[in-house]
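Participant: Fold the stuff below for me.
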Amino acid sequence: MQLLAGFVMALLLLAPEEASGQQLLLNTSILGSFRVPAFERLPNTVAPLRDQTKWKGRAAPLPTNAWWTPLLHGNGASTTVSALPYLLRAAPDRLTIAPGDMLNVNPTYIFASFDQSVSLSTKELLAAASTARYALERYDELSATLSWQMGVTFGALGAMTATLVQGQPYTTVVLTAATLTLVPGPGTVLLGAPGTTTLTGTKFRFSFNNGRTWLLYTSVPTSIVVRTVLSGGIMVSSIEGAALFSGVVRLALLADPSQEVILDQSADLYPIGGRLQVASASATSSPQSPAPALTFLYTTASMTGRPAGPTAPLLMYAMPHHVPLFRTPGAPFVQPSLAVRTIRGKLTGVVGATWKLSYPMRPSSGMPSWDAPTPIARPDQVQAIIATLLQEKDYLPTAGDVYFGGAEVASIARNLVITQDILSRARQYDLSSSTVQSLATLVMSLTSTLRSVVIPRISGGLDSALAYDVTWGGLLPRASFKDKGANFGNAVYNDHHFHYGYLVYACAALARVDPLFAATYRNALLDIVRDYANPSITDSWFPFARHMDFYEGHSWATGLDVFNDGKNQESVSEAVNAYYAVQLLGSALGLTDLEQWGGLLLSMEVVSGQAYWQIPSTSNIYPKPFADKKVVGMLWSSKVDYGTWFGDQMEFMFMIQAIPFIPASEQLLSPAWVAESWQVLQAVFSRPSPALNDGFRSFLYMFQAVIDPQAAWQQLMAMSPARFQGPWAHHSKSAALYWVATRPTALPISGTPNPTPLPGPSPCVCPPPS
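Facilitator: Residues are numbered from 1 along each chain as shown. The predicted structure is shown next:
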């Protein structure tokens with residue numbers, strides 16, 4: 001009765017919005033949705049589009065990294081995608097559904113088993129297994145619809161379609177003149193005595209010997225023949241329609257008998273798609289009382305033909321990070337007693353076809369921040385950082401790839417930004433005129449250096465220079481057109497946001513001080529953003545938001561490669577960096593909408609990063625003993641790993657979730673989580689083997705600075721600038737010292753007054769265009 005009362009209350013709360021609640025939306029065409037890319041166009045011969053049938057002849061741009069794309073890239077019958085609370089597989093003759101709560105918990109990993117499954121199919125598809133096939137019918141920001149058919153022509157006898165939506169309590173298929181068939185998984189039989197029974201109605205309950213009960217709903221009354229017989233010495237169950245059926249079928253796992261009433265009440269409405277609305281910062285309120293920055297608008301249909309629209313009482317599941325973001329009326333009604341356990345923690349039932357998510361975005365006047373939010377704490381630190389900046393002025397990248405080399409280019413850009421910040425506070429830091437002149441000269445020198453290393457990566461003849469891939473619709477380094485494995489699989493769309501985030505940061509820093517560069521390469525810079533963070537769903541050349549999973553609230557790094565555990569992302573902090581770079585480029589080019597779009601993606605990545613990658617003692621996402629590790633090294637669709645692609649040393653797991661240390665890290669790195677993690681991490685300093693390399697040693701001290709900046713400062717000062725170069729050169733020594741010296745807990749030396757902050761940084765010192 002409590003569930004039913006809650007459902008009725010949801011109906012009352014889901015009233016139409018008042019006109020005053022309408023949002024001012026971002027201009028999503030800011031990057032030039034129909035503009036031809038400013039790069040040479042080449043075919044992707046190392047990663048061709050092999051299965052045109054599954055894509056139904058679609059051409060670029062294609063959504064390479066969307067959560068559902070493994071079903072198109074690989075063998076769907078053995079490829080798992082996660083549509084929480086279920087795991088899904090697609091075979092040519094069926095859609096197989098497994099509960100997402102079968103968790104295998106180990107000290108170094110947790111995975112959700114694809115077990116205790118059932119399949120939705122038709123008698124006709126199963127009989128024509130050799131000629132049956134499925135293909136992508138349509139997709140949008142929140143869903144993908146697959147269609148199954150026998151033979152050559154879609155739409156003939158036996159057709160089945162399914163709209164796959166994350167967070168759907170039911171799996172829904174639409175049949176056209178087909179014989180409904182529910183196929184139990186291997187070894188699974190119905191409870192009860194053997195025999196044949198014919199059931200008639202619009203709701204059916206099937207309980208199996210594995211302890212699972214599934215509820216099946218149909219849009220019109222139908223008859224189903226249920227058989228359990230002894231075959232070959234084992235019991236076998238079959239569930240098959242008595243006649244051809246045209247209509248909607250919905251299947252739901254009954255995790256708890258108390259949930260049956262709301263599943264019955266909500267079975268009529270089902271999602272057939274979903275769109276996003278992104279609010280402009282001018283339409284949002286203060287950080288203390290945020291308005292919805294992002295809205296999910298689910299398109300619904302009714303099995304009985306009742307009206308369905310944005311206020312429809314659609315039953316869905318919300319993830320743990322969603323619920324705290326539901327802060328505005330009608331966004332949606334939460335059903336806390338409807339819950340299910342998954343690899344992402346407990347999902348909570350919600351009612352509403354419109355979800356308003358109040359991500360913590362600030363008005364554009366407060367974002368983005370190029371500089372640390374607090375000034376350098378001590379005069380001696382100011383002088384040490386200036387001396388180190390001057391010592392590093394001639395540094396050049398040593399790596400030619402788009403990841404390590406890109407991080408080195410970004411490191412030069414960070415030194416430029418830090419120099420500008422110190423110059424803007426010259427009075428506050430009481431700098432001498434000679435020091436000011438030295439820093440002004442350094443800005444000009446770093447700007448020249450940055451031009452010399454950035455421009456060849458955009459339009460030069462280097463292997464790291466970019467070209468447009470006409471096969472999939474994206475930008476690839478030239479080396480990746482020749483070698484699928486080059487640049488960590490960039491050719492198959494792995495890690496584009498990691499790789500190009502560093503380059504975009506460097507370009508933003510350069511565009512900020514060099515108007516000629518900004519004007520000359522404006523279109524090329526926007527094209528790079530279009531590749532990995534495109535805000536337009538109508539772009540003719542690049543897919544929408546290639547990496548971002550808007551339901552899970554984070555990016556997927558995996559592109560066309562297919563893995564048993566689905567998509568994955570290793571470094572959530574480098575994803576934060578990628579979207580921070582989009583913000584800064586918007587600022588440098590005067591594109592407020594781009595700033596705000598980058599800010600939303602950044603905020604999403606931070607919220608989900610803290611929820612699903614960081615494991616403080618207050619977290620209830622992961623059970624012990626895995627939770628004792630404090631961090632997720634790699635997050636997969638149906639697995640979490642305490643490991644990385646490049647090794648299993650403890651520092652790798654933690655630091656790949658922290659680098660690079662930038663102003664956006666202020667939002668990501670929770671001091672409470674850092675403090676708990678540091679207690680574990682200190683063991684690496686006394687480890688006899690393998691030796692701690694210099695790159696990760698510096699990262700660890702920067703991590704330590706969040707809670708103990710004075711100790712971190714002493715350690716970093718003892719390291720020579722040369723130890724910050726080479727592999728893993730994601731920060732110069734200047735940047736490391738600047739990070740430590742600007743920690744909010746970095747109090748001044750006793751007896752040294754803390755300088756009074758100026759109202760704000762003065763305009764940057766900009767050299768004339770070269």
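
Participant: Run through this protein and note the low-pLDDT ranges.
Facilitator: 1-25, 76, 152-158, 281-292, 329-331, 362-368, 746-770 (pLDDT under 70).

Participant: Okay, now the sheet partners of the top strand by length along the chain, with direction.
Facilitator: With secondary structure taken from DSSP state E, the chain has its longest strand at strand 213-231. Partner strands and pairing direction for strand 213-231 (DSSP bridges) are strand 195-207 (antiparallel), strand 234-241 (antiparallel), strand 245-253 (antiparallel).

Participant: where along the stretch 51-200 of the chain do the helices fall?
Facilitator: 52-55, 70-73, 123-127 (DSSP state H, counting those that start in this stretch).

Participant: ok, and which of those helices has the densest surroundings?
Facilitator: Neighbour counts (mean count of other CB atoms under 10 Å) averaged over each of the helices of the stretch 51-200 of the chain peak at helix 70-73, with a mean of 24. Using the backbone N, CA and C atoms, a C-beta is placed for each residue, glycine as well.

Participant: Who are the packing partners of it?
Facilitator: helix 52-55, strand 86-91 (3 or more CB pairs under 8 Å, 6 or more residues apart in numbering; DSSP states H and E).

Participant: Now the top helix by length along the chain: buried residues?
Facilitator: Ranked by number of residues, the top helix in the chain under DSSP state H is helix 433-459. Within helix 433-459, the residues that qualify as buried are 435-436, 438-440, 442-443, 445-447, 449-451, 453-455, 457-459, counting by 16 or more other CB atoms under 10 Å.

Participant: What are the contacting residues of stretch 681-699?
Facilitator: 649-652, 654-655, 658-659, 661, 700, 703, 716, 719, 723-724, 726-731, 733, 736 (CB atoms under 8 Å, 6 or more residues apart in numbering).

Participant: swap the cut-off to 10 Å and go again
Facilitator: 630-631, 647, 649-656, 658-661, 674, 700, 703-704, 712, 715-716, 719-720, 722-733, 735-736 (CB atoms under 10 Å, 6 or more residues apart in numbering).

Participant: among the residues you listed, which ones are buried?
Facilitator: Buried among these by 16+ other CB under 10 Å: 630-631, 649-656, 658-661, 674, 700, 703-704, 712, 715-716, 719, 723-725, 728-733, 735-736.

Participant: In helices, which of those appear?
Facilitator: Those of the buried ones among the contacts of stretch 681-699 mapping onto helices are 650-655, 674, 700, 703-704, 712, 715-716, 733, 735-736, per DSSP H.

Participant: From these, pick the one nearest Gln569.
Facilitator: Met653 (13.7 Å; CB to CB).

Participant: The stretch 601-750 of the chain: strands as residue ranges?
Facilitator: All strands of the stretch 601-750 of the chain, identified by DSSP state E, counting those that start in this stretch, fall at 634-636, 639-641.

Participant: can you tell which of those strands is closest to Lys393?
Facilitator: strand 634-636 (37.6 Å).

Participant: Give the other helices and strands that the closest one contacts.
Facilitator: strand 109-112, strand 568-569, helix 592-612, strand 639-641 (3 or more CB pairs under 10 Å, 6 or more residues apart in numbering; DSSP states H and E).

Participant: Same list, these, but as a markdown table with distance to Pro257 please.
Facilitator: Listed next are the helices and strands packed on strand 634-636 as a markdown table, based on distance: least, CB to CB, whole Å:
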| stretch | distance to Pro257 |
| --- | --- |
| strand 109-112 | 23 |
| strand 568-569 | 36 |
| helix 592-612 | 30 |
| strand 639-641 | 30 |
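
Participant: what comes up buried for stretch 375-394?
Facilitator: Buried, per 16+ other CB under 10 Å, within stretch 375-394: 375-379, 381-382, 384-386, 388-390, 392-393.

Participant: among the residues you listed, which two are most distant?
Facilitator: Most distant of these, by CB to CB, are Ala377 and Lys393, 24.2 Å apart.

Participant: From Asp401, how far out is Gly726?
Facilitator: 13 Å (CB to CB, to the nearest Å).

Participant: residues shared between the contacts of those two?
Facilitator: What both Gly726 and Asp401 touch, as defined by CB under 10 Å, 6+ apart, is the set Glu408.

Participant: ranges for the helices of the stretch 501-650 of the chain?
Facilitator: Under DSSP H, counting those that start in this stretch, the stretch 501-650 of the chain gives helices at 515-520, 522-533, 572-589, 592-612, 650-655.

Participant: now swap in the stretch 251-400 of the chain and tell me
Facilitator: Under DSSP H, counting those that start in this stretch, the stretch 251-400 of the chain gives helices at 260-266, 379-391.

Participant: could those be laid out in TSV, adding distance to Met548?
Facilitator: Formatted as TSV, the helices of the stretch 251-400 of the chain follow (distance: least, CB to CB, whole Å):
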stretch	distance to Met548
helix 260-266	28
helix 379-391	35
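
Participant: What is the burial count for Arg327?
Facilitator: Arg327: 13 surrounding residues under other CB atoms under 10 Å.

Participant: what about Glu137, how many residues close to it?
Facilitator: Glu137 has 15 nearby residues by other CB under 10 Å.

Participant: which residues touch it?
Facilitator: Contacts of Glu137 by CB under 10 Å, 6+ apart are Lys56, Ala144, Thr145, Leu146, Ser147, Trp148, Phe154, Thr161, Ala162, Thr163.

Participant: do you know how far the second one is from Thr538?
Facilitator: Ala144 sits 18 Å away from Thr538, taking CB to CB as the criterion.

Participant: the more surrounded of those two?
Facilitator: Between Ala144 and Thr538, counted using other CB under 10 Å, the more crowded position is Ala144 (23 against 9).

Participant: so what's the residue nearest to that one when sequence neighbours are not counted up against?
Facilitator: Using CB to CB, 6 or more residues apart in numbering and skipping residues adjacent in sequence, the residue nearest Ala144 is Trp68, 4.2 Å away. Residues in contact with Trp68 (CB under 10 Å, 6+ apart) are 81-83, 88, 90, 136, 139, 143-146, 164-166, 549, 566-567.

Participant: and if we set it to 7 Å?
Facilitator: Contacts for Trp68 (CB atoms under 7 Å, 6 or more residues apart in numbering) come out as Val81, Ala144, Leu164.

Participant: Trp556 now?
Facilitator: With CB under 7 Å, 6+ apart, Trp556 has these contacts: Asn65, Trp67, His547, Asp549, Lys567, Gln569.

Participant: that older thread, check what contacts the next helix or strand along the chain from the longest helix of the chain and list those residues.
Facilitator: For helix 433-459, the following helix or strand on the C-terminal side (DSSP states H and E) is strand 466-469. The contact list for strand 466-469 (CB under 7 Å, 6+ apart) reads Pro37, Phe39, Glu40, Arg41, Leu42, Asn44, Ile458, Leu475, Leu476, Pro477, Arg478, Phe481.

Participant: Report the separation between the third one and Pro543.
Facilitator: Counting by CB to CB, the separation of Glu40 from Pro543 is 20 Å.

Participant: neighbour count winner among those two?
Facilitator: Neighbour totals were compared for Glu40 and Pro543, and Pro543 leads with 24 against 11 (other CB under 10 Å).

Participant: for that one, phi and psi?
Facilitator: When read as degrees, to the nearest 10, the backbone of Pro543 gives phi -70, psi 160.

Participant: so the closest residue to Arg138 other than its chain neighbours bridges to which residues?
Facilitator: Excluding its sequence neighbours, the residue lying closest to Arg138 (CB to CB, 6+ apart) is Thr145, at 4.9 Å. Assessed by DSSP bridges, Thr145 has beta-bridge partners Arg138, Thr163.
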